[in-house]
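# The amino acid sequence is not available; the structure is as follows:
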């Protein structure tokens, strides 16, 4: 599948959605940053698409939207009943 959007485009769009959530709640960057435990410049960077996953997680928790994090990379559902009854052992990544 071919996409003309880049990871930076997605990060910018995600930051814009975080900003929109904050503004819907009529909250300042300083107030949300304080509740999330990050600095105001860190929140501003996230809203511009230049944040870290940890910052995004903290901000979404502060906004009460932590369930949205699971939607970013959902777990693969079991493909058969056998996988539910006796799941495969975890494989280790090669060094």
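Alright, I've got the coordinates. The model shown is predicted, which means the values in this text are computed figures rather than measured ones.
# Checking the residue in the chain sticking out farthest from the centre next. Helix, strand or coil?
Largest separation from the mean C-alpha position in the chain: residue 82, at 31.7 Å (CA atoms, centre = their mean). What DSSP: H, G, I helix; E, B strand; the rest coil gives for residue 82 is helix.
# Residue 24 and residue 32: what is the separation?
Computed with CB to CB, to the nearest Å, the distance linking residue 24 and residue 32 is 12 Å. No exception for glycine: its C-beta is placed from N, CA and C like everyone else's.
# Comparing the two, which shows the higher neighbour count?
residue 32 (22 against 9; other CB atoms under 10 Å).
# residues touching the closest residue to the more buried one other than its chain neighbours, list them.
Spatial nearest neighbour of residue 32, excluding adjacent residues (CB to CB, 6 or more residues apart in numbering): residue 22 at 5.3 Å. For residue 22, the contact set (CB atoms under 8 Å, 6 or more residues apart in numbering) comprises 29, 32, 47, 63.
# distance of the second one from residue 69?
Per CB to CB, residue 32 is found 17 Å from residue 69.
# And the third one, by the same measure?
Separation of residue 47 from residue 69 (CB to CB) stands at 17 Å.
# Of those two, which one has the most company?
Between residue 47 and residue 69, residue 47 has the larger neighbour count (other CB under 10 Å), namely 23 against 13.
# Show the backbone phi and psi for the more buried one.
Backbone torsions for residue 47, taken as degrees, to the nearest 10, come to phi -70, psi -20.
# and it, how far is that from residue 78?
Residue 47 sits 37 Å away from residue 78, going by CB to CB.
# can you pull the buried residues of stretch 26-36?
The neighbour-count check on stretch 26-36 (16 or more other CB atoms under 10 Å) flags 29, 32, 33, 36 as buried.
# Which ones among these lie within helices?
For those, the ones inside helices are 29, 32, 33, 36, with DSSP state H as the criterion.
# right, and out of the contacts of residue 22, which lies closest to residue 14?
residue 47 (9.4 Å; CB to CB).
# from what I can see that closest one touches residue 14, true?
No: using CB atoms under 8 Å, residue 47 is not in contact with residue 14; the gap is 9.4 Å.
# residue ranges of the helices in this protein, please?
Counting by DSSP H, the helices of the chain are 7-24, 29-36, 40-47, 53-62, 67-72, 81-85.
# I'm done for today, thanks for sticking with me.
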